[in-house]
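Novice: Okay, sequence plus prediction incoming.
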Amino acid sequence: MTFAINHPLVVFVISFIAMWIAAHTGAWWTRRRPLAEAESRDMFNVVQGATLTLLGLIIGFSFSMAISRYDQRKNFEEAEANAIGTEYVRLDLIAPADASKLRPLLVAYLKHRITFYETTDRSQLPALAARKAQLQSQLWSAVVPSAEQRPSPITALVVAGMNDVLNSEGYTQAAWWNRIPIAAWLLMGVIALGCNVLVGVGTGRRLPEPFFLTVLPLVVAVSLMLIADIDSPRGGLIRVAPQNLQALMASLPSP
């Protein structure tokens, strides 16, 4: 399930095939056991309409959840760029020797953060995490001696800025982990299958046209694919571009 929601095209294929089969299963069932009585037909229409409405609401809520998480990832990318840029400027406040050690590390860390956003190969994530931990340790180890040797409000400001740089990465990582729960995906899938079965049952005894039983599976499958695309930080076409980090990199003086 986790693999599927990380690949929107897989979500589309699986959901479309499953719902298409469910719709045709409902049509096959109603040809064997048709709803003869008018009262049964009216009750069925009420249940079908309520179920389709519930499906629409759940898809809408899930889409809203995905959009909010996407916006959160964008905001934290901007916050990271602001924190790194501010700390780079604050290094002018400490001794030139200390600043000359910290600036290359900060630039290397900035390049690493850009790579983190642009990487789509999940197999590279462990190496990126190890490199991130190494750079963060080096940055903190480089700023601490300056604060210990020359404690002052100015050096405290530089240390606080470095703390903001490190914290902003943690907020970003938390936002990338904050996805639509698996339970919500399962709920949408079950309700979507049920709706397609009911649509198939509602066709009556006459053999329905193939196109009629394809519309709902196709529409719902496209909706689920779009939700998975927005919700997946790396697997979809809609991803957060590190435009603020790249702009910051372009604005820094060449070494």
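Specialist: The structure has been received and is ready for your questions. Numbers count the residues shown, from 1 in each chain.
Novice: OK, contacts around the closest residue to residue 15 other than its chain neighbours?
Specialist: Nearest residue to residue 15 in three dimensions, chain neighbours excluded: residue 221, at 4.4 Å (Cβ to Cβ, 6 or more residues apart in numbering). Every C-beta, even on glycine, is put in place using the N, C-alpha and C of the backbone. Taking Cβ atoms under 8 Å, 6 or more residues apart in numbering, we find residue 221 in contact with 11, 12, 15, 16, 19.
Novice: which one of those has the most neighbours?
Specialist: Counting neighbours by other Cβ atoms under 10 Å, residue 19 leads the contacts of residue 221 with 27 neighbours.
Novice: Could you measure from the residue nearest to residue 15 over to residue 196?
Specialist: 10 Å (Cβ to Cβ, to the nearest Å).
Novice: Give the residues shared as contacts by the two.
Specialist: Shared contacts of residue 221 and residue 196 (Cβ under 8 Å, 6+ apart): residue 19.
Novice: quick one: average pLDDT of the secondary structure element (helix or strand) that the residue nearest to residue 15 belongs to?
Specialist: Using DSSP states H and E, residue 221 sits in helix 212-231. Averaged over helix 212-231, pLDDT sits at 91.
Novice: Only C-alpha atoms, please: export that helix in PDB.
Specialist: Written as PDB, here are the backbone C-alpha positions of helix 212-231 (Å, rounded to 0.1, in the frame of the first residue of the first chain):
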ATOM      1  CA  PHE A 212     -21.500   3.800 -19.000                       C
ATOM      2  CA  LEU A 213     -19.700   1.500 -16.500                       C
ATOM      3  CA  THR A 214     -16.400   3.100 -17.300                       C
ATOM      4  CA  VAL A 215     -17.200   6.700 -16.500                       C
ATOM      5  CA  LEU A 216     -17.300   6.500 -12.700                       C
ATOM      6  CA  PRO A 217     -14.200   4.200 -12.400                       C
ATOM      7  CA  LEU A 218     -12.300   6.600 -14.700                       C
ATOM      8  CA  VAL A 219     -13.300   9.800 -12.900                       C
ATOM      9  CA  VAL A 220     -12.600   8.400  -9.400                       C
ATOM     10  CA  ALA A 221      -9.300   6.900 -10.500                       C
ATOM     11  CA  VAL A 222      -8.200  10.200 -11.900                       C
ATOM     12  CA  SER A 223      -9.200  11.900  -8.600                       C
ATOM     13  CA  LEU A 224      -7.300   9.400  -6.500                       C
ATOM     14  CA  MET A 225      -4.300   9.800  -8.800                       C
ATOM     15  CA  LEU A 226      -4.300  13.500  -8.400                       C
ATOM     16  CA  ILE A 227      -4.600  13.200  -4.600                       C
ATOM     17  CA  ALA A 228      -1.700  10.800  -4.500                       C
ATOM     18  CA  ASP A 229       0.400  13.000  -6.800                       C
ATOM     19  CA  ILE A 230       0.000  16.100  -4.600                       C
ATOM     20  CA  ASP A 231       0.400  14.100  -1.400                       C
END
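Novice: Same question for the following helix or strand past that helix: list its buried residues.
Specialist: The first helix or strand that comes after helix 212-231 along the chain, using DSSP H and E, is helix 243-251. Buried residues in helix 243-251, counted by 16 or more other Cβ atoms under 10 Å: 244, 245, 248, 249.
Novice: Mind putting these into a markdown table with pLDDT?
Specialist: Formatted as a markdown table, the buried residues of helix 243-251 follow (pLDDT from 0 to 100):
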| residue | pLDDT |
| --- | --- |
| 244 | 94 |
| 245 | 94 |
| 248 | 93 |
| 249 | 92 |
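Novice: And the residue nearest to residue 15, how far from residue 51?
Specialist: 17 Å.
Novice: and what of residue 43?
Specialist: 13 Å.
Novice: So between the two, which is more surrounded?
Specialist: A side-by-side neighbour count of residue 43 and residue 51, using other Cβ under 10 Å, places residue 51 first with 17 against 12.
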